[in-house]
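# Give me coordinates for this.
(one chain, ligands or ions: 1)
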Amino acid sequence: MKVNNVSLTISAVSAAQYPDTGYPEIVFVGRSNVGKSSLINKLIDRKSMARTSAVPGKTQTLNFYNIEDLLYFVDVPGYGYAKVSKRDRERFAGMIEEYLSTRKPFRGAVQLVDARHTPSEDDVSMYQYLKYFNVDVLVVGTKVDKTSKAKRQTIMRDIKRTLDLNQTDQLVMFSATTGEGKDAVWDWLEKQTGI
Ligand code: GDP
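This next block holds a predicted model:
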């Protein structure tokens, strides 16, 4: 998909602020620094639309990006940042739970994991959490340009096994540097949202 028009509709902290257009929505989740902003920017052909790494202390919001008046990308704050306070962690949990349990236009989640490492405990918890809410998940292994091609199958097996990936969920390897995997991610987004 070639994206021309993107805008940040709202940075929401509660359901009352979510957009009411009814466009289908996909959430993007992953540990801080996993490459989430880079993935979103690559998908929409922008250099710096989605902001990079959440800074501790910064307001944690759900950022709704309107893509071509067709769908929303909902950028969820990065998790697993060690310095985040207990209060902020609870606020994050409340915010995502409110979204996942109530949001009608929600169609699925893209969960990012760093392809260079075995998924962390936080990654596993997030995947289980999404499955608890019966969410369809596309797992994206990021920064794959930094891994050797020879190890590709081993890496994919390791991610699938560690997350205990559901039969119906897919795994795509991605690089924001080379653009590898971009079309596969868009294929999944189009299928999930019916756009
Ligand atoms: P976020 O915190 O998840 O939004 O992560 P960012 O998108 O800000 O990326 C974190 C760091 O990883 C930055 O220094 C990026 O340049 C780098 N990065 C992100 N994606 C890739 C990738 O596909 N390949 C490589 N080599 N570096 C990447």
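
# residue ranges for the strands of the protein, please.
Secondary structure of the chain (DSSP state E): strands located at 6-12, 25-30, 62-67, 71-75, 106-114, 137-142, 170-173.

# how about TSV for these, with mean pLDDT added?
What follows is those, written out as TSV (pLDDT from 0 to 100):
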stretch	mean pLDDT
strand 6-12	94
strand 25-30	97
strand 62-67	96
strand 71-75	97
strand 106-114	98
strand 137-142	98
strand 170-173	98
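
# How about residues contacting stretch 77-90?
29-34, 36, 53-54, 56, 60-61, 92, 120, 122-123, 126 (Cβ atoms under 8 Å, 6 or more residues apart in numbering). Any C-beta I mention is one placed from the backbone N, CA and C, and that applies to glycine too.

# Of these, which count as buried by neighbour count?
Among the contacts of stretch 77-90, those classed as buried by 16 or more other Cβ atoms under 10 Å are 29-32, 34, 36, 54, 60-61, 92, 120, 123, 126.

# between the residues you listed, which is closest to the ligand?
Distance to the ligand across the buried ones among the contacts of stretch 77-90 (Cβ to the nearest ligand atom) is lowest for Lys36, with 3.4 Å.

# wait, isn't that closest one in contact with Gly30?
Yes. Between Lys36 and Gly30 there is a contact under Cβ atoms under 8 Å: 4.7 Å.

# so what sits against both of those two?
Common neighbours of Lys36 and Gly30 (Cβ under 8 Å, 6+ apart) are Gly78, Leu112.

# Which positions in the helix ranked longest in the chain come out as buried?
Secondary structure of the chain per DSSP state H: the longest helix is helix 86-102. For helix 86-102, the neighbour count (16+ other Cβ under 10 Å) marks Asp88, Arg91, Phe92, Met95, Ile96, Glu98, Tyr99, Leu100 as buried.

# Next one: the second one from Asn33, what distance?
Taking Cβ to Cβ, to the nearest Å as the measure, Arg91 falls 20 Å from Asn33.

# what do you get for the last one?
Applying Cβ to Cβ, the value for Leu100 to Asn33 is 23 Å.

# okay, the closest residue to Asn5 other than its chain neighbours: pLDDT?
Excluding the flanking residues, the one nearest Asn5 by Cβ to Cβ, 6 or more residues apart in numbering is Glu68, at 5.3 Å. The model reports Glu68 with a pLDDT of 97.

# Could you count how many residues lie near Glu68?
Other residues within reach of Glu68 by the criterion other Cβ atoms under 10 Å amount to 14.

# picking that back up, which of the buried residues of helix 86-102 lies closest to the ligand?
Nearest to the ligand out of the buried residues of helix 86-102 is Phe92 (Cβ to the nearest ligand atom; 14.4 Å).
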